[in-house]
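Enquirer: Using only what follows, build the 3D model:
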Amino acid sequence: MQNSSTNVNVQVQDQVEATPSPPDQTHAPGYLTPAAVPAPDPAPALSTNEEPISAAVSPADYGAMQSTGGGANYVGSAHWAAVLDGIAELKDHLDNEESHHSDSQGPDLPCPQVTGPQLLYGCPKPADKDEIFSSIPARSVVDRLVSRYFNSFEMSPAVLHSVQFLKEYEGFWENPQATSPIWLGLLFTIMCLATQFEKSRLDPGVQSPAVLSMERELQEMVDTFRLRIPQCLVLGSYAKGGPFVLETLMLYIAAEIFLSSDAEIEIWILMGNTVQLALHMGYHRDPKHFKGLSPFAAEMRRRIWATIVEMDLGLSAQMGLPRMIKHWQTDTQEPSNLQDSDFDSATVEMPPSRLNTDLTPILYRLVKARLMTTIGYIWDFSADLRSYPYTEVQKMDDKLDQARKSIPECLRWHSMARNITDSPQQIMQKVILETIFYRAKIVLHRKYMFLPLAQSASSRRIVLESALKLLDYQHMLQEETQPFCQLYQERWRVSSLVNHDFLLATSILCYYLQHARGVTPQLSESTSFDETIMVSLKRSHDIWLQSSNSSKEARKVVRALAVVLGRVNTPSADSGGESSLVFGLPSTYPSSTTNDYSQETPGGLGSQFPMFNSALMPNWETFADDLISAPMITPTAEWQEMDETVDAMGSLNWPWNSQ
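Expert: Numbers count the residues shown, from 1 in each chain. Have a look, this model is predicted:
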């Protein structure tokens with residue numbers, strides 16, 4: 001990585017603390033170095049007049065330790081749950097509610113059913129190849145599942161080369177016994193994912209015998225395929241590495257994410273194992289350093305490593321913990337923007353990368369990886385325990401804005417009305433790039449939201465506007481994933497990773513209202529602005545309520561919202577019903593910038609991202625676009641209404657506009 005890509009955290013450590021520094025960053029490798037997305041500049045020496053700002057202003061800035069039946073769980077201060085725990089009025093209430101809910105579940109079973117990746121707990125029983133083969137359906141069925149996988153999951157080109165896989169696939173059917181156990185595990189991950197996609201296409205509102213029978217059959221297939229994956233990995237001694245190990249583990253993690261409605265520590269641990277194997281196999285070093293690797297193998301290694309880095313950051317943010325891969329540990333270059341038909345295992349010299357205007361299947365992964373590179377710096381910055389000058393926050397903010405502006409036009413979000421000719425998959429890709437951008441704004445400015453400084457007004461503005469922006473996307477996705485709407489068939493992409501961004505936005509707005517109402521009322525922006533937040537949270541409450549039966553996270557945020565919004569008579573979250581209590585607030589609220597990509601953030605600080613004073617860790621909702629497990633209800637409005645709403649952030653009389 002170039003000198004301009006120096007790790008800002010390491011530079012500041014050299015200036016602030018008299019501790020040994022890591023290796024010279026001038027020679028340290030860096031991950032993904034596109035010219036359009038420069039890394040943060042080195043921090044200025046503290047010989048200037050500006051002093052470091054201590055952003056820790058409350059106990060919540062140390063994160064949150066939550067006691068459970070299995071011990072204690074820690075989440076960093078940027079995690080949504082830590083934000084809620086930082087609200088004094090809510091903490092005891094939420095703790096009591098959670099305890100009551102746990103008690104209502106009855107005593108623990110002697111042998112509780114194991115959830116999460118079975119690989120971590122040991123396979124229920126070892127299986128030989130013959131037993132594994134017995135679970136593979138007829139070829140006609142497998143063909144359809146493989147086709148569904150490659151045509152539905154945009155992560156597929158980042159993990160598998162379709163042309164090469166089809167050669168291996170034909171070889172499998174010609175001689176199944178010659179196939180390695182790990183490759184069989186890879187096939188089971190593909191079938192498991194594809195079956196989940198098929199299951200999500202069923203209409204949850206139709207309960208006919210035929211549909212129910214199909215749903216049971218598909219779920220049985222998912223369960224069988226899911227069981228076989230770890231059995232194949234164990235049979236193939238996956239811990240030693242080798243061909244197809246990383247690909248199988250990555251898709252296995254994706255399948256587990258789709259099956260979970262909340263963040264699961266087991267998935268993060270499995271991701272850690274995958275990172276360790278990738279390091280052991282040298283994926284963190286660019287293939288150009290090693291002789292004997294073909295151009296094809298080198299390019300696929302770059303694709304796989306880029307995806308592992310993205311998955312690591314996404315899952316770590318979801319768990320509220322530091323990421324495992326640091327940018328100065330790797331020099332693997334960015335993959336090329338190429339169609340799978342542009343190169344294969346016989347390629348002697350790789351063709352030049354296509355332009356970013358060429359929407360190949362891999363382009364979305366490349367654009368997301370570039371944005372995630374900048375977000376990774378921000379994540380490390382937010383997790384750093386040391387203090388920094390506020391100018392460093394502004395520099396990081398500028399870099400994030402530059403990264404967003406570098407997104408090609410073909411992947412930029414404008415409005416739902418302007419996307420009606422796009423495929424549902426492409427629409428979701430655009431939305432996800434937007435949400436991870438706004439989440440990053442939150443993480444960057446969160447600590448500076450309520451500082452007694454002139455700069456805190458800028459951070460507070462960015463945080464609040466970004467939170468409202470994220471909830472705009474939540475509301476839009478809720479309506480567009482209803483039956484007969486444009487994103488109905490893609491609703492499985494609204495996964496626990498995506499929902500984590502909305503949890504962050506919801507928690508931050510709750511935290512702001514608590515401060516504005518009592519702790520620091522002088523920081524309230526305006527009555528009309530606070531009312532806008534209330535209306536947005538009310539709509540969000542109704543969305544979370546629908547999934548509260550299947551999601552512990554949704555259940556917790558519903559309880560918090562019930563307190564913040566004053567819903568004394570709100571139905572229990574356990575009922576999963578809709579609230580009939582009317583707030584008396586405006587029935588509509590002006591959207592922020594959901595419908596206009598080109599609108600700039602006020603104040604010239606770039607994008608608008610929600611942030612909290614002390615308890616949130618961002619999650620870039622980015623690597624896997626998963627499945628929302630909550631049943632859908634009839635939409636309350638047509639999608640055109642979202643596009644026709646007045647842009648509230650531009651039309652409201654913001655307090656800072658007069659400054």
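
Enquirer: buried stuff in the top helix by length along the chain?
Expert: For the chain, the helix with the greatest residue count under DSSP state H is helix 209-235. Neighbour-count burial for helix 209-235, counted by 16 or more other CB atoms under 10 Å, picks out 218, 221-222, 224-235. Heads up, the C-betas are built off the backbone N, CA and C, glycines and all.

Enquirer: Report the rounded mean pLDDT for that helix.
Expert: Averaging pLDDT along helix 209-235 gives 92.

Enquirer: by contact count, what packs against that helix?
Expert: Applying 3 or more CB pairs under 8 Å, 6 or more residues apart in numbering; DSSP states H and E, we find helix 209-235 packed against helix 129-133, helix 181-200, helix 245-259.

Enquirer: of those helices, which approaches residue 483 most closely?
Expert: helix 181-200 (12.8 Å; CB to CB).

Enquirer: Report the contact partners of the residue nearest to residue 199 when sequence neighbours are not counted.
Expert: The spatially closest residue to residue 199, leaving aside those adjacent along the chain, is residue 218, at 4.3 Å (CB to CB, 6 or more residues apart in numbering). For residue 218, the contact set (CB atoms under 8 Å, 6 or more residues apart in numbering) comprises 195, 198, 199, 202.

Enquirer: Apply 7 Å and report the result again.
Expert: If you count contacts by CB atoms under 7 Å, 6 or more residues apart in numbering, residue 218 has them with 195, 198, 199.

Enquirer: Which pLDDT value belongs to the last one?
Expert: Which is residue 199. Residue 199 carries a pLDDT score of 87 in this model.

Enquirer: what about it, how many neighbours?
Expert: Residues lying near residue 199 (other CB atoms under 10 Å) number 18.

Enquirer: same question, the second one
Expert: The criterion is other CB under 10 Å. On that basis, residue 198 has 17 neighbouring residues.

Enquirer: hmm, back to that, tilt between the longest helix of the chain and helix 181-200?
Expert: Angle between the axes of helix 209-235 and helix 181-200 is 160 degrees (criterion: axes from the mean of the first three to the mean of the last three CA atoms, to 10 degrees).

Enquirer: just to revisit the earlier point, same list (the helices and strands packed on helix 209-235) but as TSV, adding distance to residue 152.
Expert: Formatted as TSV, these follow (distance: least, CB to CB, whole Å):
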stretch	distance to residue 152
helix 129-133	25
helix 181-200	5
helix 245-259	11
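
Enquirer: Of those helices, which is nearest residue 269?
Expert: Across those, closest to residue 269 is helix 245-259 (CB to CB), at 10.4 Å.

Enquirer: quick one: contacts of the helix or strand just after the closest one?
Expert: Following helix 245-259 in sequence order, the next helix or strand is helix 265-280 (DSSP states H and E). Residues from elsewhere that reach helix 265-280, judged by CB under 7 Å, 6+ apart: 116-117, 119-120, 241, 245-246, 249-250, 253, 256-257, 260, 284, 305, 308, 311-312, 315-316, 319, 324-325.

Enquirer: Next secondary structure after whichever strand or helix holds residue 502?
Expert: Using DSSP H and E, residue 502 sits in helix 496-514. Per DSSP H and E, helix 496-514 leads on to helix 527-546 as the next helix or strand towards the C-terminus.

Enquirer: Mean confidence (pLDDT) on that next one, please.
Expert: pLDDT averaged over helix 527-546 gives 90.

Enquirer: same question, stretch 421-441
Expert: For stretch 421-441, the mean confidence score works out to 94.

Enquirer: still on that earlier bit, tell me what the helix holding residue 502 is packed against?
Expert: Applying 3 or more CB pairs under 7 Å, 6 or more residues apart in numbering; DSSP states H and E, one finds that helix 496-514 contacts helix 80-85, helix 295-319, helix 424-445, helix 456-480, helix 527-546, helix 552-564.

Enquirer: Low-confidence stretches in this structure?
Expert: Flagging of the chain using pLDDT under 70 yields the residue ranges 1-77, 80, 82, 86, 88-116, 122-124, 205, 452-453, 517-526, 567-659.

Enquirer: ranking the helices and strands packed on helix 496-514 by burial, who's on top?
Expert: helix 80-85 (a mean of 28; mean count of other CB atoms under 10 Å).

Enquirer: Residue 390 touches residue 455, doesn't it?
Expert: Yes - if you go by CB atoms under 7 Å, residue 390 and residue 455 touch, sitting 4.8 Å apart.

Enquirer: ok, the two, which is more surrounded?
Expert: residue 390 (20 against 15).

Enquirer: Tell me how far that one lies from residue 515.
Expert: The gap separating residue 390 from residue 515 is 20 Å, by CB to CB, to the nearest Å.

Enquirer: One more: residue 493?
Expert: Applying CB to CB to residue 493 and residue 515 gives a distance of 34 Å.

Enquirer: out of these two, which sits in the busier spot?
Expert: Ranked by neighbour count (other CB under 10 Å), residue 493 and residue 515 place residue 493 first, with 29 against 18.

Enquirer: That one and residue 430 touch, don't they?
Expert: No - between residue 493 and residue 430 there is no contact under CB under 7 Å: 11.9 Å.

Enquirer: Test my guess that residue 515 contacts residue 450.
Expert: Yes - in this structure, residue 515 is within contact of residue 450 by CB under 7 Å, at 6.3 Å.

Enquirer: rewinding a little: so for residue 178, which of the helices and strands packed on helix 496-514 sits nearest?
Expert: helix 295-319 (21.3 Å).

Enquirer: tell me the angle that closest one makes with helix 424-445.
Expert: If you take the same axes, to 10 degrees, helix 295-319 sits at 60 degrees to helix 424-445.

Enquirer: Name the next helix or strand downstream of helix 295-319, please.
Expert: helix 363-383.

Enquirer: which helices and strands sit right next to that following helix?
Expert: Applying 3+ CB pairs under 7 Å, 6+ apart, we find helix 363-383 packed against helix 8-16, helix 295-319, helix 390-405, helix 424-445.

Enquirer: Now do the last one: which elements does it pack against?
Expert: If you count contacts as 3+ CB pairs under 7 Å, 6+ apart, helix 424-445 packs onto helix 363-383, helix 390-405, helix 456-480, helix 496-514.
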